[in-house]
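**Q** Give the three-dimensional model of this entry:
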Amino acid sequence: MPFKDNQPSSKLERTLSKQYDFDIKSLFSRANGLVKANFSSLFQASLVLFLTFVVLGFVAQKFIIFNDDGTFVFEHQSLIEIVAIFIVAPLIGGLYMMGVSHARGQKTTVFSIFSYVSLIFALALTQLVNGIVVQIGLVLLFAPGVYLWMATSFSLMLVADKSLTPLRAIILSCRVFNAYWAPLTGVFAVFIILFITVPLTLGLSLVWVLPLYFSMLGLLYEEMIGEEGEPTPSHTVQNKTNESSFDA
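**A** Numbers count the residues shown, from 1 in each chain. Okay, the predicted model is just below:
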């Protein structure tokens with residue numbers, strides 16, 4: 001079991017009381033197993049998100065005016081960024097929730113990325129607030145911006161899964177992060193390194209790194225916040241495998 005004895009009544013309460021047994025190596029192993037088991041849907045959904053960014057970038061180029069001195073002006077930048085957030089936020093939320101579904105032993109398809117379009121306003125507002133506070137943190141001092149980026153990482157899932165308001169989701173996400181800030185920072189540090197090395201592989205490693213990221217965040221959410229009841233299927237399967245290996 002990922003939680004210790006003398007447990008409070010819910011996963012969230014156990015996490016906030018710091019009774020979750022955080023094992024980074026085990027989590028990465030299980031997240032990697034989830035990617036292997038659900039690679040097709042994760043890859044296709046990641047491709048949808050990537051192509052969406054490409055299309056948005058192509059459209060945004062039409063509003064860039066270059067001056068003779070080499071400078072440029074981005075017309076209607078704020079409006080375009082807000083529109084982009086409304087388009088992208090439900091897709092990112094959908095990908096996060098695909099990771100959560102896989103951690104719960106549920107199958108998904110590429111169309112699962114569109115499952116939370118009905119929550120477009122709540123998800124977009126959450127993403128917008130996250131973006132604003134992170135940018136403010138980066139401008140004022142780099143460290144607070146990085147902290148806010150990591151601390152708000154569960155907010156979209158809380159809106160999609162628990163139907164929380166954007167503000168409540170952001171605050172709760174920060175509380176969960178603060179309870180385990182050191183190991184969670186370690187998880188994000190690994191992904192920062194992985195994303196930095198993507199250009200060295202000409203972008204090919206992104207095919208695995210991006211699904212792994214959403215699988216890991218989905219697994220962390222389910223382990224520390226999500227549904228109550230039995231251990232997540234990925235944990236149960238791994239335990240059975242370890243027990244079989246031990247018995248042998």
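**Q** pretty sure V73 is in a helix, no?
**A** No: read with DSSP: H, G, I helix; E, B strand; the rest coil, V73 is strand and lies in no helix.
**Q** how about the strands in the protein?
**A** 64-66, 72-74 (DSSP state E).
**Q** Dump these to TSV, plus mean neighbour count.
**A** The way it works is simple: take the backbone N, C-alpha and C, and place the C-beta from them, glycine included. Below are these laid out as TSV (neighbours: other C-beta atoms under 10 Å):
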stretch	mean neighbour count
strand 64-66	10
strand 72-74	11
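**Q** so which of those gets nearest Q135?
**A** Proximity to Q135, assessed across those by C-beta to C-beta, is greatest for strand 72-74 (15.7 Å).
**Q** Neighbouring strands - and their directions - for that closest one?
**A** strand 64-66 (antiparallel) (DSSP bridges).
**Q** Give the rounded mean pLDDT of the partner strand.
**A** Rounded to a whole number, the mean pLDDT of strand 64-66 is 79.
**Q** And that strand, how far out from the chain middle?
**A** 33 Å (C-alpha atoms, centre = their mean, to the nearest Å).
**Q** returning to what we had before: same list (the strands of the chain) but as JSON lines, adding distance to M224.
**A** As requested, those are exported to JSON lines (distance: least, C-beta to C-beta, whole Å):
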{"stretch": "strand 64-66", "distance to M224": "42"}
{"stretch": "strand 72-74", "distance to M224": "39"}
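**Q** buried sites along the longest helix along the chain?
**A** When the chain is parsed with DSSP state H, its longest helix is helix 77-103. Within helix 77-103, the residues that count as buried by 16 or more other C-beta atoms under 10 Å are 80, 84-85, 87-103.
**Q** can you pull out the helices in this protein?
**A** Counting by DSSP H, the helices of the chain are 11-16, 24-37, 39-61, 77-103, 120-140, 142-151, 155-162, 166-179, 181-196, 206-224, 233-247.
**Q** hey, least reliable of these by pLDDT?
**A** Across the helices of the chain, helix 233-247 gives the lowest mean pLDDT, at a mean of 42.
**Q** Can you give me the buried ones in stretch 163-179?
**A** Those would be L164, P166, A169, I170, I171, L172, S173, C174, V176, F177, A179, for stretch 163-179 by 16+ other C-beta under 10 Å.
**Q** contacts for that stretch?
**A** 12, 15-18, 20, 122, 125-126, 129-130, 133, 150-156, 158-159, 162, 184, 224-225 (C-beta atoms under 8 Å, 6 or more residues apart in numbering).
**Q** And these, which of them are buried?
**A** Using 16+ other C-beta under 10 Å, the buried ones in the contacts of stretch 163-179 are 12, 15-16, 20, 122, 125-126, 129-130, 133, 150-156, 158-159, 184, 224-225.
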